[in-house]
Structures are given as structure tokens and as C-alpha cells.
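Enquirer: need a structure here:
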Amino acid sequence: IQAIRHDTMPELRKLLRLTKDTFAITLPVKYRKALELGSGDYVVVSLLDRKTIAIRKQSPPEKI
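Expert: Numbers count the residues shown, from 1 in each chain. From the prediction side, this is the model:
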């Protein structure tokens, strides 16, 4: 595991309920900028353990 830089310390976020079965969180601007993410971009959300998720930038899926 890489060391966490001081400017990327974790930030507390509140889980938002969108529908009965769908939830969301907001992404801090500094993380969005670091990954160069914009509206409509794709990310992969991974469960690392029972208390940790990771978000990774992803290229759009190939069109079929």
C-alpha cells in the first residue's frame, strides 16, 4: 500500500439515498481533479474489505 500524501487525507462524506435500493456519495473536488474526471466519465468501484471501497478511473466500455 502506498503512503497517503498529506493533501489527500481522507474526507468524511455522508451516504445519500437516491432510491430504495440505490445510494451515492459526493466526490471531493481535489480527487475529481487528480483523476481528471468529468460528468459522464466511468469509474470502477471495488470492495477491498468489509470497511474499505476504492474508486478507480476507467476508460469507457467499447461500443458493440
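Enquirer: Now name the helix or strand holding residue 45.
Expert: According to DSSP states H and E, residue 45 maps onto strand 42-49.
Enquirer: neighbouring strands for the next helix or strand after that strand, and are they parallel or not?
Expert: Downstream of strand 42-49, the next assigned helix or strand under DSSP H and E is strand 52-58. Using DSSP bridges, strand 52-58 pairs in its sheet with strand 42-49 (antiparallel).
Enquirer: Now do the strand it pairs with: distance to the chain's middle.
Expert: Distance of strand 42-49 from the chain centroid (C-alpha atoms, centre = their mean, to the nearest Å) equals 7 Å.
Enquirer: let's have the chain start at 828 instead
Expert: OK, 828 is where the count begins now, so the last one is strand 869-876.
Enquirer: From residue 851, how far out is residue 844?
Expert: 8 Å (C-beta to C-beta, to the nearest Å). (Each C-beta comes from the backbone N, C-alpha and C, glycine too.)
Enquirer: Pull the contacting residues for residue 851.
Expert: With contact taken as C-beta atoms under 8 Å, 6 or more residues apart in numbering, residue 851 is in contact with 842, 843, 845.
Enquirer: Count the neighbours of the second one for me.
Expert: Think residue 843. Residue 843 is flanked by 10 other residues according to other C-beta atoms under 10 Å.
Enquirer: can you pull out the strands in this protein?
Expert: With strands called from DSSP state E, the chain shows them at 843-846, 849-851, 869-876, 879-885.
Enquirer: I'd like to know which of those strands is closest to residue 862.
Expert: When those are compared by C-beta to C-beta, strand 879-885 sits nearest residue 862, at 4.6 Å.
Enquirer: What are the buried residues along stretch 872-890?
Expert: Residues of stretch 872-890 classed as buried by neighbour count (16 or more other C-beta atoms under 10 Å): none.
Enquirer: Show the average pLDDT along it.
Expert: Per-residue pLDDT over stretch 872-890 has a mean of 92.
Enquirer: Off-centre distance for that stretch?
Expert: Taking the mean of its C-alpha atoms, stretch 872-890 sits 7 Å from the chain's own mean (C-alpha atoms, centre = their mean).
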